[in-house]
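Trainee: give me a model of this one.
(2 chains)
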Amino acid sequence: KQEVTQIPAALSVPEGENLVLNCSFTDSAIYNLQWFRQDPGKGLTSLLLIQSSQREQTSGRLNASLDKSSGRSTLYIAASQPGDSATYLCAPYTGFQKLVFGTGTRLLVSP
Amino acid sequence: NAGVTQTPKFRILKIGQSMTLQCAQDMNHNYMYWYRQDPGMGLKLIYYSVGAGITDKGEVPNGYNVSRSTTEDFPLRLELAAPSQTSVYFCASWTGASGNTIYFGEGSWLTVV
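Mentor: Predicted structure coming up:
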């Protein structure tokens, strides 16, 4: 059974810092891995999708890497802003393309 | 193109009542999913479907039923509601193609009292 762990569980930083959010998963036989953002009381917004043949994806200030063999993915946020405050969820795709979610990293960026 | 639409957004149920959460997508996606998210937790898969007429259980199916009579709709039925079913429910859909992202609805907040 796939287990997903996200570290840290919560993070509070001043504006401008570069951040690394970590995700580890127990079963390396995954198809893709996706990072999501969730704002309080809202649904999930897709940030980055890394296909199994890729090692990283970039979008603006976000960069996500994937190392299937070690069961790890990291989300790098450059020059953090208060608008980045949210919960970040990591989810590898397993059989029948089902996502298994971690409990997330709750990020607070202070002005 | 509305994406994934869930109704209702909020609902309060009494113990033992039944209800259906509606989910519709207009992207002609074959794969559809229902997840629940308890406070401070990640999402857990309740049921999923790989096409019209085909459904299967996820990690936490007890107390729920689904049907998939059309490609567009994937309703989730709660029978005999219990306080343990108080949660936020998310519906999602996906094309099935490796490079495409999964799309989520905005969620349905359900409280059982």
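Trainee: so where's chain A uncertain?
Mentor: Low-confidence segments of chain A (pLDDT under 70): A:96.
Trainee: give me the number of residues near residue B:78?
Mentor: Applying other C-beta atoms under 10 Å in any protein chain shown, we find 20 residues neighbouring residue B:78. From N, CA and C alone the C-beta is placed, and that goes for glycine too.
Trainee: cool, and residue A:111?
Mentor: 7.
Trainee: separation between it and residue A:86?
Mentor: 16 Å (C-beta to C-beta, to the nearest Å).
Trainee: ramachandran angles for residue B:104?
Mentor: Backbone torsions for residue B:104, taken as degrees, to the nearest 10, come to phi -110, psi 150.
Trainee: I meant to write residue A:30 there.
Mentor: Residue torsions, per degrees, to the nearest 10, at residue A:30 are phi -110, psi 160.
Trainee: return the residues in contact with it.
Mentor: A:2, A:52, A:68, A:92-94 (C-beta atoms under 8 Å, 6 or more residues apart in numbering or on different chains).
Trainee: can you rerun that using 6 Å?
Mentor: A:92-93 (C-beta atoms under 6 Å, 6 or more residues apart in numbering or on different chains).
Trainee: those residues of chain A touching chain B, which are they?
Mentor: Selection of chain A residues close to chain B by C-beta under 6 Å from any C-beta of the partner chain yields A:43-44, A:46, A:49, A:51, A:98, A:101-103.
Trainee: a markdown table for those, including secondary structure?
Mentor: Below are these laid out as a markdown table (DSSP: H, G, I helix; E, B strand; the rest coil):
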| residue | secondary structure |
| --- | --- |
| A:43 | coil |
| A:44 | strand |
| A:46 | strand |
| A:49 | strand |
| A:51 | strand |
| A:98 | coil |
| A:101 | coil |
| A:102 | coil |
| A:103 | coil |
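Trainee: quick check: the two most widely separated of those?
Mentor: A:51 and A:103 (24.3 Å; C-beta to C-beta).
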